[in-house]
Every structure is written in structure tokens, then in C-alpha cells.
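Undergrad: can't give you the sequence, but here's the structure:
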């Protein structure tokens with residue numbers, strides 16, 4: 001995983017998808033499945049936080065549009 005300041009949503013989603021593929025293949029030893037699952041959950045949490053922050057930003061921008069006088 002990269003440094004938090006270098007974290008990228010699209011890369012995180014690609015990593016989660018790759019992990020899911022590896023787990024679904026059935027080729028991983030059970031311990032590796034647990035490790036990979038843990039990484040995927042951490043990435044999913046970061047994605048959720050990122051999306052929630054983006055939604056909050058959009059909501060604030062929409063509120064400012066609603067507060068501006070009509071021209």
C-alpha cells in the first residue's frame with residue numbers, strides 16, 4: 001500500500017478487484033486469503049472515507065448554490 005498522501009481511489013479499487021480475483025481463484029493458502037482479505041477491507045474503508053468526503057464537499061457546494069441570489 002502506498003503512502004496515505006499518495007493514495008489513489010482508482011488504484012485502490014483495482015487492488016481490491018485483484019485481491020478478490022486471487023481469493024476466488026482458490027489457489028491461495030488459507031493464511032494468504034486472510035492476509036489479502038485484511039488488505040482489501042482496509043482499502044474498502046479508505047474508499048468509503050474518500051467517497052463520503054467527496055459527497056460532503058458536493059453537498060456544501062450545492063448549498064452555496066442554493067444560497068446565492070437569483071440573477
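TA: It's in. Since this is a predicted model, take the numbers as computed values, not measurements. Numbering: from 1, shown residues only.
Undergrad: okay, residue 5: pLDDT?
TA: Predicted confidence (pLDDT) for residue 5: 68.
Undergrad: next: residue 65.
TA: pLDDT, residue 65: 85.
Undergrad: please tell me how far it sits from residue 57.
TA: 13 Å (C-beta to C-beta, to the nearest Å). C-beta coordinates here come from the backbone N, C-alpha and C atoms, glycine included.
Undergrad: overlap in contacts of those two?
TA: With contacts defined as C-beta atoms under 8 Å, 6 or more residues apart in numbering, no residue is adjacent to both residue 65 and residue 57.
Undergrad: low-confidence regions, the chain specifically.
TA: Low-confidence segments of the chain, defined by pLDDT under 70, span residues 1-5, 68, 70-71.
Undergrad: give me the element residue 50 is part of.
TA: Residue 50 belongs to helix 30-67 when assigned by DSSP states H and E.
Undergrad: I'd like the distance from that helix to the chain centre, please.
TA: Chain-centre distance of helix 30-67: 5 Å, with C-alpha atoms, centre = their mean, to the nearest Å.
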